[in-house]
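Visitor: fold the following, please.
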Amino acid sequence: MRLVKTIRELKQELEPIRRSGVTVGFVPTMGYLHEGHLSLMRKSVEECGFTVVSIFVNPTQFGPGEDYDRYPRDLERDLSMCESVGVDLVFAPGVSEMYEPDACTRVTVSGLTQNLCGRSRPGHFDGVTTVVCKLFNMVRPDRAYFGQKDAQQVAVVRRMVRDLNIPVEVREMPTVREPDGLAMSSRNVYLSPDQRRAALSLHRSLRTAADMIEKGERSAAKIRERMIDIILSSGLAELDYVEIVDADSLRNIDTLKGEVLIAVAVKFGQTRLIDNIKVVVH
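Guide: Below is the predicted model:
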């Protein structure tokens, strides 16, 4: 496995790979890797002849007062984990390598970014789409792998790829969970033991929503109300949102039909966690 830190080195490494016709898979990450990231890498290694992972904590997707400075970082640990699953190349640039000092171009996907996390984190998705577009241009992968836990991010990246005719297949892979159901996240390390227990209310609320739908409930308002009760009953939760939206447009719906995304965002102390499920409703 090779580690490169500059765009020039990245291009030098990838040019002969592309010329050979090998399929290139790509997993963009912010590091501090966990099993969720590794599952994406394994899928890329399985499906592609060459796998690239980027490790870059992107400052433009963090708002004022968010956790950019304290976001966990451990490059040596990350590199060992990448190598353990067969990654071929890791790209770990610094901020000055990714952004010129006078950079003034942003990629904005309107519409899909107004709801859910976009409502409470203004500008966040402009940072995401800008850096992902840049990484796609640098790596030029055939396939890129994302986790469903960041379902809104996947929908936004897919729309950007479609609208800008970027020649990459976006693959969305299932959320990886701890044995007790908590969605794996680099931010889970911030949780105290009490907050960690309280955070299980997220998955419990989503399971309850799925159960209500299976039993015939189609009212988004009734499902949301029950989910909110479950989350707030944990005693430590500060609710950001509980939303039921169309999985493609991300617009709120009153009556469930077709593929729906049920998504939650909750703060436990200073730690903001997200989770979701997708359900096809007939």
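
Visitor: show me the strands in the stretch 101-250 of the chain, by range?
Guide: Assignment of strands within the stretch 101-250 of the chain using DSSP state E, counting those that start in this stretch yields the ranges 143-147, 169-173, 237-246.

Visitor: now do the helices in the chain.
Guide: According to DSSP state H, the chain carries its helices in the segments 7-19, 35-47, 75-84, 95-98, 117-120, 124-139, 151-163, 193-198, 200-214, 220-232.

Visitor: and the fourth one, what's its mean pLDDT?
Guide: So that's helix 95-98. Model confidence over helix 95-98, given as mean pLDDT, is 98.

Visitor: report the buried residues of it.
Guide: With burial defined by 16 or more other C-beta atoms under 10 Å, the residues of helix 95-98 counted as buried are residue 98. In this view, the C-beta of every residue, glycine as well, is placed from N, C-alpha and C.

Visitor: so which residues make contact with that helix?
Guide: Defining contact as C-beta atoms under 8 Å, 6 or more residues apart in numbering, one finds that helix 95-98 is touched by 5-7, 56, 58-59, 131, 134.

Visitor: same deal with the last one?
Guide: By C-beta under 8 Å, 6+ apart, the list of residues contacting helix 220-232 from outside reads 201-202, 204-206, 208-209, 212-213, 217, 237, 239, 242-244, 252-256, 262, 264, 266.

Visitor: report the buried members of the residues you listed.
Guide: Buried, going by 16+ other C-beta under 10 Å: 201-202, 204-206, 208-209, 212-213, 237, 242-244, 253, 256, 262, 264, 266, out of the contacts of helix 220-232.

Visitor: can you count the residues close to the closest residue to residue 177 other than its chain neighbours?
Guide: If the residues on either side of it in the chain are set aside, residue 177 comes closest to residue 183, at 5.5 Å by C-beta to C-beta, 6 or more residues apart in numbering. Residue 183: 22 surrounding residues under other C-beta atoms under 10 Å.

Visitor: quick check: closest non-adjacent residue to residue 116.
Guide: Using C-beta to C-beta, 6+ apart and skipping the chain neighbours, the partner closest in space to residue 116 is residue 152 (5.0 Å).

Visitor: ok, now which ones touch that neighbour?
Guide: 112-113, 115-118, 125, 250, 261, 263.

Visitor: where in this structure is the helix or strand with the lowest mean pLDDT?
Guide: Using mean pLDDT, DSSP states H and E, helix 117-120 stands out as the lowest-scoring helix or strand of the chain, at a mean of 95.

Visitor: local confidence estimate at residue 238?
Guide: According to the model's per-residue confidence, residue 238 sits at a pLDDT of 98.

Visitor: state the distance from it to residue 126.
Guide: From residue 238 across to residue 126, the span is 25 Å (C-beta to C-beta, to the nearest Å).

Visitor: these two - which one has more neighbours?
Guide: When neighbours are counted by other C-beta under 10 Å, residue 126 comes out ahead of the other of residue 238 and residue 126, with 19 against 12.

Visitor: where's that one relative to residue 105, distance?
Guide: The gap separating residue 126 from residue 105 is 11 Å, by C-beta to C-beta.

Visitor: related to what we said a few turns ago, and the two most separated of the contacts of helix 95-98?
Guide: Taking C-beta to C-beta as the measure, the contacts of helix 95-98 span a maximum distance of 18.3 Å, between 6 and 59.

Visitor: look at these two and report which has more neighbours.
Guide: Higher neighbour count among residue 6 and residue 59: residue 59, with 15 against 12, using other C-beta under 10 Å.

Visitor: show the pLDDT at that one.
Guide: Residue 59 is assigned a pLDDT of 97 by the prediction.

Visitor: residue 21: what's it in contact with?
Guide: With C-beta under 8 Å, 6+ apart as the criterion, no residue contacts residue 21.

Visitor: what about it, distance to residue 209?
Guide: Using C-beta to C-beta, which is the criterion applied here, residue 21 is 45 Å from residue 209.
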